[in-house]
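Participant: my questions are about this predicted structure, shown below with the sequence.
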Amino acid sequence: KKKIAIMTSGGDSPGMNGVVRACVRMAIHMGCDAYCVYEGYEGLVQGGNLIRKMEWHDVRGWLSEGGTLIGTARCMAFYERPGRLTAAKNMILNGIDALIICGGDGSLTGADKFRAEWPSLIEELVTKGELKPEQVQRYKHLNIVGLVGSIDNDLSGTDATIGCYSALARICYAVDLIEATASSHSRAFVIEVMGRHCGWLALMAGVATGADFIFIPEKPSEDNWREEMCSIVRQHRDLGKRKTIVIIAEGALDKQGGKITPTMVKDLLADKDGLGLDTRITTLGHVQRGGTAVAYDRMLATLQGVEAVRAVLEATPETETCFIAITENKIIRKPLMEAVIDTQKVAKAIQRQDFDEAMALRDAEFSE
Ligand code: ADP
C-alpha cells in the first residue's frame, strides 16, 4: 500500500484546507494511506507526531475552513542540506512514498531541490549508518507534486493560484465598506493591498471596485504620476464623484525603482495647494488572507488536489516533476521548475528595474 503525504508551506492562503481534504480523500479512494505533514518543512525535519496518518473523517468540514489546519511555517533548516537529510530520514522512517506540497514559489523550489537530491541523501543516510540498505530499498526515487497556494496569484504558468480569488473578494468587500464613509464625507482613501512583486490583486481589485487610480510593481508610474493621478481624480470629482479610491500594491514603484508609499499618495491628494481632499490611508494587511475560501478557490483546491494524487501515482523516475495548473479553465500538469524560474525572472526584472522585461514576461503568461 502506497503512503502519500500532503503538506502546506509558506504563506497561508484560503483553500489550503480544501487541498488537504481533497488529497487525503483521493489518496484513500485510490487505495493508499494518507498522511499529513504538519507545520510545513519543519514537520518533515522534526518528524515525530508532526507526520500523522489521516482518515477520511479527519478532514470532515475542512472545505469551508480558512487558513491551513495542518499549519505552515518558515523552516530555515530545510534551506540547508543537513536539514533535508533529516527530512529524508523521517520520510523513510514513516514509509512515505510520495509528497504533495501546497505553497508558493519558495516552497516549490525547496520541493524540487529535495527531489533532485533524494538519491544522494539516501546514499548518505546509508553510508553514515543512519539507515540500513534494506530500509531504503523501496525509496530509491521520490515522487513530488506541487500545488500553488498563494493569495498573490504570482506564479507563472497558471491562471489562478489557490486563494487569490478569496483575497480579491475580501479586498472588494473591504473597499465597498470604506466607500460608504468616503461618499458620506466626500473623502479620499488610499488603500494598500498585498503584492510585493505582483500587482494582480491591486489591478483586479481596482477594476472590480472602479478605483480612480492603481499602483502596481510591474508597470511603474511615469515620472509625471503625481500630475496624472491628480488630473484624473480632479476629472472624476468634476463629474460629481464624491469618493476617491486609490489602490496601491505593497510593492508599488516609480520609473526609477523608488517605492511609492501610501503616505506619499495621501500627502499629494491632501495637498492644500492642489486637490485638498480629506484623505485617509487604510492598510488591509492580513484581513486579505483570512476567512473562508470563495467558491472558486474551493473548486480549484478540490479539482487540483484530486489531480495531484493522480499525478504522484502515475509519476515514474523518468517523469519531470510537475505542478497542477489551471489554464484556460482546464486542470493540467505542467513542469514545476519552468514555472518557478519564470516567476523568479519577473521578480528579478522588477528588482533591476527592467520594467519592459517584467511587463513582457507577464504578457507572455497571459498569451500562453
Ligand atoms: P512561499 O512558498 O510562500 O514562497 P517561502 O519562500 O518562505 O514561502 O518558502 C517556504 C519554505 O520553503 C521556507 O521556509 C523553506 O523551508 C522552504 N524553501 C524555500 N526556498 C527554498 C530553497 N531555495 N531551498 C530549500 N528550501 C526552500
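Facilitator: In hand now; what should we look at?

Participant: what about the strands in the stretch 101-250 of the chain?
Facilitator: Along the stretch 101-250 of the chain, the stretches classed as strands by DSSP state E, counting those that start in this stretch are 143-148, 188-193, 213-215, 244-249.

Participant: so which of the ones you listed is the most surrounded?
Facilitator: Highest mean neighbour count of the strands of the stretch 101-250 of the chain: strand 143-148, a mean of 28 (counted as mean count of other CB atoms under 10 Å). In short, each C-beta sits where N, CA and C put it, glycine included.

Participant: that strand: partners in the sheet, and parallel or antiparallel?
Facilitator: Sheet pairing for strand 143-148, assigned by DSSP bridges, gives strand 98-103 (parallel), strand 322-327 (parallel).

Participant: so how far is that strand from its chain's centroid?
Facilitator: 14 Å (CA atoms, centre = their mean, to the nearest Å).

Participant: avg pLDDT for that strand?
Facilitator: Throughout strand 143-148, pLDDT has a mean value of 96.

Participant: about what we covered before: would JSON lines of the strands of the stretch 101-250 of the chain with distance to the ligand be doable?
Facilitator: Listed next are the strands of the stretch 101-250 of the chain as JSON lines, based on distance: least, CB to the nearest ligand atom, whole Å:
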{"stretch": "strand 143-148", "distance to the ligand": "9"}
{"stretch": "strand 188-193", "distance to the ligand": "17"}
{"stretch": "strand 213-215", "distance to the ligand": "23"}
{"stretch": "strand 244-249", "distance to the ligand": "17"}
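
Participant: most packed of the strands paired with strand 143-148?
Facilitator: Comparing these by mean neighbour count (mean count of other CB under 10 Å), strand 98-103 ranks first with a mean of 29.

Participant: poorly predicted segments of the chain, please.
Facilitator: Flagging of the chain using pLDDT under 70 yields the residue ranges 365-368.

Participant: which residue does it bring closest to the ligand?
Facilitator: For the chain, the residue closest to the ligand is G106, as judged by CB to the nearest ligand atom, at 1.9 Å.

Participant: next one: phi and psi at the residue nearest to that residue when sequence neighbours are not counted?
Facilitator: Leaving aside its chain neighbours, G106 sits nearest to G10 (5.5 Å; criterion: CB to CB, 6 or more residues apart in numbering). Backbone torsions of G10, given as degrees, to the nearest 10, read phi 80, psi -160.

Participant: make JSON lines from the strands paired with strand 143-148 and add distance to R333 to it.
Facilitator: Converted to JSON lines, the strands paired with strand 143-148 look like this (distance: least, CB to CB, whole Å):
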{"stretch": "strand 98-103", "distance to R333": "13"}
{"stretch": "strand 322-327", "distance to R333": "4"}
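
Participant: of all those, which one is nearest M204?
Facilitator: Each of the strands paired with strand 143-148 has some distance to M204 by CB to CB; the shortest is strand 322-327, at 15.9 Å.

Participant: is any residue of that closest one near the ligand?
Facilitator: No. Strand 322-327 is not in contact with the ligand by CB under 6 Å from any ligand atom; minimum separation 12.0 Å.

Participant: re earlier: in JSON lines: the strands of the stretch 101-250 of the chain, plus distance to E123.
Facilitator: As requested, these are exported to JSON lines (distance: least, CB to CB, whole Å):
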{"stretch": "strand 143-148", "distance to E123": "18"}
{"stretch": "strand 188-193", "distance to E123": "47"}
{"stretch": "strand 213-215", "distance to E123": "51"}
{"stretch": "strand 244-249", "distance to E123": "46"}
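
Participant: E124 is nearest to which of these?
Facilitator: Of all these, strand 143-148 comes closest under CB to CB, at 18.9 Å.

Participant: so what touches that closest one?
Facilitator: Contacts with strand 143-148, where a contact means CB atoms under 8 Å, 6 or more residues apart in numbering, come from 19, 97-104, 107-108, 111-112, 114-115, 155, 158, 161-162, 304-305, 308, 311-312, 315, 321-325, 336.

Participant: could you export it as PDB, CA atoms only?
Facilitator: Extracted in PDB, the C-alpha atoms of strand 143-148 (Å, rounded to 0.1, in the frame of the first residue of the first chain):
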ATOM      1  CA  ASN A 143       7.700  11.500  -6.200                       C
ATOM      2  CA  ILE A 144       6.700  15.100  -5.600                       C
ATOM      3  CA  VAL A 145       3.800  17.100  -7.000                       C
ATOM      4  CA  GLY A 146       3.200  20.800  -6.300                       C
ATOM      5  CA  LEU A 147       0.000  22.800  -5.900                       C
ATOM      6  CA  VAL A 148       0.200  26.500  -5.900                       C
END
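
Participant: residues near Q135, how many?
Facilitator: For Q135, the neighbour count with other CB atoms under 10 Å is 16.

Participant: just checking, it touches I92?
Facilitator: Yes. Judged on CB atoms under 8 Å, Q135 makes contact with I92 at a distance of 6.4 Å.

Participant: contact residues of the stretch 1-150 of the chain facing the ligand?
Facilitator: Applying CB under 6 Å from any ligand atom, one finds that the stretch 1-150 of the chain approaches the ligand through 9-11, 41, 74-75, 78-79, 103-107, 109-110, 113.

Participant: of all the strands of the stretch 101-250 of the chain, which one comes closest to G285?
Facilitator: Closest to G285 of those is strand 188-193 (CB to CB; 8.2 Å).
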